[in-house]
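mind folding the following:
(chains A, B, C and D)
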Protein chains: 2
Amino acid sequence: MARPPAPRGARAATLTDVARLAGVSVATASKALNGRNHVSAATRERVMEAAAQLSFSPNSLARGLLAGRTGTVGLLTSDLVGRFSLPILMGAEDAFGAGEMSVFLCDARGDAIRERHHVQALLSRRVDGLIVVGSSTDPRPPLAAAVDVPVVYAYAPSEDPEDLSIVPDNVGAGRMAVEHLIACGRTRIAHISGHPGYSAARDRVTGALAALGDAGLSLVGEVAYGTWEEGWGRAAASMLLDREPEVDAVLCGSDQVARGVLDTLRERGRRVPEDVAVMGFDDWQVMTTGARPQLTSVDMNLEELGRGAARALFEAIDAEHERGVRTVQCRVVVRGSTAPEA
Amino acid sequence: MARPPAPRGARAATLTDVARLAGVSVATASKALNGRNHVSAATRERVMEAAAQLSFSPNSLARGLLAGRTGTVGLLTSDLVGRFSLPILMGAEDAFGAGEMSVFLCDARGDAIRERHHVQALLSRRVDGLIVVGSSTDPRPPLAAAVDVPVVYAYAPSEDPEDLSIVPDNVGAGRMAVEHLIACGRTRIAHISGHPGYSAARDRVTGALAALGDAGLSLVGEVAYGTWEEGWGRAAASMLLDREPEVDAVLCGSDQVARGVLDTLRERGRRVPEDVAVMGFDDWQVMTTGARPQLTSVDMNLEELGRGAARALFEAIDAEHERGVRTVQCRVVVRGSTAPEA
DNA sequence: AAAGCCTCCGAAAACCTTTTCGGAACGCCG
DNA sequence: CGGCGTTCCGAAAAGGTTTTCGGAGGCTTT
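Below is the predicted model of the structure:
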């Protein structure tokens, strides 16, 4: 744990120091350290050694100032505390981290003023690009400020179709969910959705209905909209069992709703999955694996979405800007609530 | 939504451009924009107008290069996906965001190599300070590299007592939890803890036992260590009811464990909170508010911890480094599982 | 031995802003 | 009218790195 030289306050070593110690010019030192040619092996060795000795670390500010590229990107979220920003952020950080990019994180707290402020700060720091992560899949207004770097919208698409947005495929998710239930032999499928104010809820309904139609089936009862929470799942399941006792599968708007549904089913003596299969959305591990039985869910692949956004931004940084809305496929994670455990 | 001038690729306006447009020198332009005196009101006005017209945004790189301070800090987490980094990160971002600080986010994925890499990158970007967020409250080795900027360890303390660490008060949390249960009139209190490999679990036990001792009580049964999950809560509660049927309160190692305990209690016909009171730790909203009844829990105040870390770093940046381990108080959030709802 | 080529190195410019310091203009007092 | 103080402005340096270009020296070829 020897904390080598670098005493606090001692100016960090600069290229000039390295050059002096190695007995060469700064130009040569720079070339040696950056692997440029036109430097003899012996000289390069001397420079490297000097740099190591001074624990020299090149000043990215100076480099960025000169190059016009800083190797930084801004990640602007409106809702860091939320459930969805984080995996996206993870994926993005992941994709960038491999290379030499560093990520500025900003949380606008859903406030337009604060957002503008952060964008200004990021631009003044000369980020090479921006990822804007929404807190729901509803379209959001594009960035207000004039931005001269590429921008990718993740999760929530921009209202401007000229922007590049990467969003989860909620329609596909609804479709896949129903297809899975049908594959499990279910034909009397009900849907307890989430909050009707969210396009995620409505899109999943759209997909689910489409898949039912394709299979020549129709939904048991009406789509039940409510909230995203457990309490709603319990209440809605209770009503559902009263009105449609013959139901053999319940597709739920979220994993939390599904948890509530599972509770009610157990209390009403229905076995899961033998009598009724249950599915959720989002594949929130703590919800799905804690449930009895463990909950089948549709994973929206948010990390993949984040990585996709990062890669798209990466490309946009040196090439022309792609446009439009791109969706990321999701996938069904099968657990005990739809398939008896092996 | 007019996206003003700034066409892609057009060099961003520089201070020189502003000065030229305003018909003054760069020095004057700088002074005018930064509110320095020795500039006439008229000139200042002209400069401001020119800056606005060019949507000039000062280049932080150049400024940082000159000033030796960049207004950036690094936030190094070992486990972004985890439950605890995020609120801390929120709090830190919050505390900084008010000022002019920007936050570099790095996730080392618990890998020492990657951590070193990120630290290098951050230092090369000349951050003014570093916050290192652990993934559990167990002490962690200090940063390997020689770091000449202040560092604050959050959540997980550094093993080196010369470093400044800010951690949640788990002993106090255990104590407060038991005190709350006693205040609710409970005397036969059991403790179903979490994973014994975590100091958080052991510290909470320590605090709980101390509070019991102070009240002249002793624990019902032994401390039951297991995992942090719901399944463990269900299993442990079942065993507990078999062996100690007269128990009137169960303190649980986490909210998830408490959820499992609640499930088992309900199935075994015990009313909560009338027959048995239940408490968890962490106050994870989705767990506590979805439970029946809603779950009383000890909030570890992680956002406050994050803010504290940020403030401490802030101070350390221009003053001498504080040292040692500082704890952040937690607080009991009372809900229906210990107190009948009003 | 002269010419030419290749290899290696260094001087200097460029990136953009802030700050210091000197100079210019102007008004006031003696 | 000269001297002085005040007010405002501009030239220049500094900060650290990269890149370009020219120069120096050594080697080969004729």
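
and the host helix or strand of residue A:89, how far out from the chain middle?
Take DSSP states H and E as the rule and residue A:89 turns out to sit in helix A:85-97. Remark: helix A:85-97 is offset 6 Å from the chain centroid, using Cα atoms, centre = their mean, to the nearest Å.

apart from its neighbours in sequence, what residue is nearest residue A:46?
residue A:22 (4.7 Å; Cβ to Cβ, 6 or more residues apart in numbering or on different chains). Just so you know, the C-beta spots here come from the backbone N, C-alpha and C atoms, and that holds for glycine as well.

phi, psi of residue A:74?
The phi/psi pair for residue A:74 (degrees, to the nearest 10) reads phi -100, psi 140.

near it, how many other residues are there?
Other residues lying near residue A:74 total 25 when counted by other Cβ atoms under 10 Å in any protein chain shown.

in stretch A:85-100, what counts as buried?
Neighbour-count burial for stretch A:85-100, counted by 16 or more other Cβ atoms under 10 Å in any protein chain shown, picks out A:85-97.

re earlier: what's in contact with the helix holding residue A:89?
Outside helix A:85-97, the residues that touch it by Cβ atoms under 8 Å, 6 or more residues apart in numbering or on different chains are A:73, A:75, A:77-80, A:102-103, A:105, A:131, A:133, A:135, A:154-155, A:302-311, A:314, B:80-81, B:86, B:105-107, B:114, B:118.

which of those residues fall within strands?
A:73, A:75, A:77, A:102, A:103, A:105, A:131, A:133, A:154, B:105, B:106, B:107 (DSSP state E).

could I get the helix holding residue A:89 in PDB with only the CA atoms?
What follows is helix A:85-97, C-alpha atoms only, in PDB (Å, rounded to 0.1, in the frame of the first residue of the first chain):
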ATOM      1  CA  SER A  85     -32.600   4.400 -16.100                       C
ATOM      2  CA  LEU A  86     -30.100   2.300 -14.200                       C
ATOM      3  CA  PRO A  87     -29.700  -0.700 -16.400                       C
ATOM      4  CA  ILE A  88     -29.600   1.500 -19.500                       C
ATOM      5  CA  LEU A  89     -26.900   3.600 -17.800                       C
ATOM      6  CA  MET A  90     -25.100   0.300 -17.000                       C
ATOM      7  CA  GLY A  91     -25.200  -0.800 -20.500                       C
ATOM      8  CA  ALA A  92     -24.000   2.500 -21.800                       C
ATOM      9  CA  GLU A  93     -21.200   2.700 -19.300                       C
ATOM     10  CA  ASP A  94     -20.300  -0.800 -20.200                       C
ATOM     11  CA  ALA A  95     -20.100  -0.100 -23.900                       C
ATOM     12  CA  PHE A  96     -18.100   3.000 -23.500                       C
ATOM     13  CA  GLY A  97     -15.900   1.800 -20.600                       C
END
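
I'd like the mean pLDDT over it, please.
Helix A:85-97 shows a mean pLDDT of 86.

so what's residue A:99 up against?
Contacts for residue A:99 were tallied using Cβ under 8 Å, 6+ apart; they are residue A:314.

tell me the secondary structure for it?
Using DSSP: H, G, I helix; E, B strand; the rest coil, the structure places residue A:99 in coil.

distance check, it against chain B.
Distance, residue A:99 to chain B, by Cβ to the nearest Cβ, to the nearest Å: 11 Å.

so what's the residue nearest the centre of chain A closest to, chain neighbours aside?
Residue closest to the average C-alpha location in chain A (Cα atoms, centre = their mean): residue A:88, at 1.5 Å. Spatially, and ignoring its direct neighbours in sequence, residue A:88 is nearest to residue A:306 (3.7 Å; Cβ to Cβ, 6+ apart).

my guess is that neighbour meets residue A:168, correct?
No: using Cβ atoms under 8 Å, residue A:306 is not in contact with residue A:168; the gap is 11.0 Å.

quick one: least confident helix or strand in chain A?
Of all helical and strand segments in chain A, the minimum by mean pLDDT, DSSP states H and E falls on helix A:85-97, at a mean of 86.

tally of neighbours for residue A:213?
Neighbour number of residue A:213 under other Cβ under 10 Å is 12.

weed out the non-buried ones from the contacts of helix A:85-97.
Neighbour counting over the contacts of helix A:85-97 (16+ other Cβ under 10 Å) leaves A:73, A:75, A:77-80, A:102-103, A:105, A:131, A:133, A:135, A:154-155, A:302-311, A:314, B:80-81, B:86, B:105-107, B:118 as the buried ones.

which bits of the stretch 51-200 of chain A sit near DNA strand D?
Contact residues (Cβ under 7 Å from any atom of the strand) of the stretch 51-200 of chain A with DNA strand D: A:56, A:58, A:59, A:62, A:63, A:65, A:66, A:67.

so what pairs up with the nearest residue to residue A:304 once chain neighbours are set aside in the strands?
Once flanking residues are discounted, residue A:304 sits nearest to residue A:328: 5.7 Å by Cβ to Cβ, 6+ apart. For residue A:328, the beta-bridge partners under DSSP bridges are residue A:168.

isn't residue A:328 right up against residue A:307?
No: counting by Cβ under 8 Å, residue A:328 does not reach residue A:307; the two are 9.3 Å apart.

read off the pLDDT value for residue A:3.
Confidence at residue A:3, expressed as pLDDT, is 36.

residue A:243 too?
96.

and the closest residue to residue A:282 other than its chain neighbours, how many neighbours?
Once flanking residues are discounted, residue A:282 sits nearest to residue A:255: 5.3 Å by Cβ to Cβ, 6+ apart. Residues contacting residue A:255 under the criterion other Cβ under 10 Å number 28.

surely residue A:255 meets residue A:294?
No: taking contacts as Cβ under 8 Å, residue A:255 lies outside contact range of residue A:294: 11.0 Å.

overlap in contacts of those two?
Contacts common to residue A:255 and residue A:294, judged by Cβ under 8 Å, 6+ apart, are residue A:288.

counting neighbours, which bits of whichever helix or strand residue A:120 is part of end up buried?
Using DSSP H and E, residue A:120 sits within helix A:112-124. Buried positions in helix A:112-124, judged by neighbour count with 16+ other Cβ under 10 Å: A:115, A:117, A:118, A:119, A:121, A:122, A:123, A:124.
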